[in-house]
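J.: give me coordinates for this.
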Amino acid sequence: METFDLAISFVWEYDVDFVNRIEQILQAKGLKTYVIRKHNIAETIEKVAEKRLAFNVYLDRASDADDEFTPLTKLLSRKKTYLINPIKKVIKYINKATMHGILLRNRVPVPFTLILPPLQKKADSLISIKDMEQLGTPFVVKPAFFTGGGEGVVINATSLFDVINQRRKIPNDSYLIQKRIYPKYFDGKRAWFRILWAFDIPIPMWWDDQTDIYRVLSNEEIKYYHLQRLNIITKKISRISKMDYFSTEIAVCEDNSYYVIDYLNDQCDMRFQSKHFDGVPDVKVDEFIERLYVKIHYIKKAYHLQ
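T.: Next comes the predicted model:
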């Protein structure tokens, strides 16, 4: 039986550069990698089932978008393969309605939010005048589950009609009705950040929510602007979810209060900034991959894998 240190599956065309870079870095460090795409998924499932092929670690970036990859995930879950972000964990924690309650119970700072059930379950969910006053206007309306890259999110809602219209678009999803957060500025930079949790290490970056542009956040800037809470909050989310990697968004307001805006995303967009204006800084993609290497090395040692 042939064993690979890491298997990676993906279907998104823009993941090609990311996966190529993973292979380049990990192979240079002596690890064996195996890539799974549409053309070889059936063959891979067959070989794994027949014990002709095995993986120490599996990074699944496909089954959330293509059901054809789901049998492989289920098959590997019954074997010794370490699954990065098992699907049961992912489904629980990427649901914003569920995660909101979990974060509140764990005293993680989040904006004032109302949770409305799916329209299919309860059509007449009303918002009280008191709640509307606390929300203020404009406010944010976003689906709990069916979203990505801001899809389905309205950041300038002003009335119940906006809420009703959005709930009709995805009637089987819960909705978050959320107070809009306005960040302060640090020397002209919006205090809005996206943090990658990369296998036990936070990687915080400036991220402008209006332009989608990343910028490297240096350790010197973290100290100068007193931004240590970014890492503290992200570590707390990691302890709650026990996810190997994810991204979260945090904003800092004028009174220096912190708010987690986008709670947890498991399939992080890892396009390179050198090729895409709204991509992740290349050096931070490499840092993420280096942390992946450390994780694989630890798993092999801990589980006495070849």
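
J.: any idea which helix or strand comes after the helix or strand containing residue 133?
T.: Take DSSP states H and E as the rule and residue 133 turns out to sit in helix 129-135. Per DSSP H and E, the first helix or strand lying C-terminal to helix 129-135 is strand 139-143.

J.: quick one: buried residues of the very next helix or strand once past that next one?
T.: Using DSSP H and E, the helix or strand that directly follows strand 139-143 along the chain is strand 154-157. Using 16 or more other C-beta atoms under 10 Å as the burial criterion, the residues of strand 154-157 that qualify are 154, 157. Every residue, glycine included, has its C-beta placed from N, CA and C.

J.: just checking, what packs against strand 154-157?
T.: strand 139-143, helix 160-169 (3 or more C-beta pairs under 8 Å, 6 or more residues apart in numbering; DSSP states H and E).

J.: and the longest one, what other elements does it pack with?
T.: When you say that, I think you mean helix 160-169. Against helix 160-169 (3+ C-beta pairs under 8 Å, 6+ apart) you get strand 139-143, strand 154-157, strand 175-179.

J.: what angle sits between it and strand 175-179?
T.: 150 degrees (axes from the mean of the first three to the mean of the last three C-alpha atoms, to 10 degrees).

J.: burial count for the nearest residue to residue 118 once chain neighbours are set aside?
T.: The shortest distance from residue 118 to any non-neighbouring residue, by C-beta to C-beta, 6 or more residues apart in numbering, is to residue 172 (5.1 Å). Neighbours of residue 172 under the rule other C-beta atoms under 10 Å: 11.

J.: please name the residues that touch residue 172.
T.: 118, 119, 120 (C-beta atoms under 8 Å, 6 or more residues apart in numbering).

J.: which of those lies closest to residue 203?
T.: residue 118 (34.7 Å; C-beta to C-beta).

J.: how about the helices and strands packed on helix 160-169, which one is nearest residue 104?
T.: Short answer: strand 175-179, nearest of the helices and strands packed on helix 160-169 by C-beta to C-beta, at 12.3 Å.

J.: next secondary structure after the closest one?
T.: Counting by DSSP H and E, what follows strand 175-179 is strand 185-186.

J.: list the helices and strands the helix or strand of the chain with the lowest mean pLDDT packs on?
T.: Ranking every helix and strand in the chain by mean pLDDT, DSSP states H and E puts helix 87-93 at the bottom, with a mean of 86. With contacts taken as 3+ C-beta pairs under 8 Å, 6+ apart, helix 87-93 sits against helix 96-105, helix 228-241.

J.: possible to save those helices as JSON lines with mean pLDDT?
T.: As requested, the helices and strands packed on helix 87-93 are exported to JSON lines (pLDDT from 0 to 100):
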{"stretch": "helix 96-105", "mean pLDDT": "95"}
{"stretch": "helix 228-241", "mean pLDDT": "97"}
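
J.: alright, that wraps it up for me.
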